[in-house]
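>>> sequence below, structure please.
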Amino acid sequence: MANAPMKPIAALLLFLKFCMYVIVLGIGGWAMNRAIDHGFIIGPGFELPAHFSPIYFPMGNAATGFFVTFATLAGVVGVASAIAGINHIRSWNTLIISSFRCWSCLDPHSTCLGVSLYRHL
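Model (predicted):
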């Protein structure tokens, strides 16, 4: 194939992308765990606080819950995109490129969704 010399470069970039999204998932999972552990305690004898939100995080501001939720979602889509890319690099033909293109188009859009929602709140 004419693009055979590009295969190692594509594999390196795909590995870096996978590592970046695994880090995003790790930080997002830690933040979700902390929010669950240190969030509101709701039971039969307790009342809901006045500022109750279903996406409440004990750290940051009001937008932190949305940011962490969408960043974790973007991390999952990014890892799925990296897995589709690994499948494409493994076979390296034009028959499987459509699934790789689909995930590669969804990946930056989900990342921008998380970042822009955090920025505009």
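>>> how close does residue 112 get to residue 77?
With distances taken as C-beta to C-beta, to the nearest Å, residue 112 is found 11 Å from residue 77. Using the backbone N, CA and C atoms, a C-beta is placed for each residue, glycine as well.
>>> these two - which one has more neighbours?
More crowded of residue 112 and residue 77, by other C-beta atoms under 10 Å: residue 77, with 19 against 12.
>>> since we're on the closest residue in space to that one that isn't next to it in sequence, how many residues are nearby?
Nearest residue to residue 77, sequence neighbours excluded (C-beta to C-beta, 6 or more residues apart in numbering): residue 110, at 4.5 Å. Residues lying near residue 110 (other C-beta under 10 Å) number 18.
>>> report the contact partners of the spatially most central residue of the chain.
By C-alpha atoms, centre = their mean, the chain has its centre lying nearest to residue 75, at 1.7 Å. Each residue near residue 75 by C-beta atoms under 8 Å, 6 or more residues apart in numbering is listed here: 21-22, 24-25, 28.
>>> what's the following helix or strand after the helix or strand hosting residue 30?
In this structure, residue 30 is located in helix 7-38 according to DSSP states H and E. Under the assignment DSSP H and E, the closest C-terminal helix or strand after helix 7-38 is helix 64-91.
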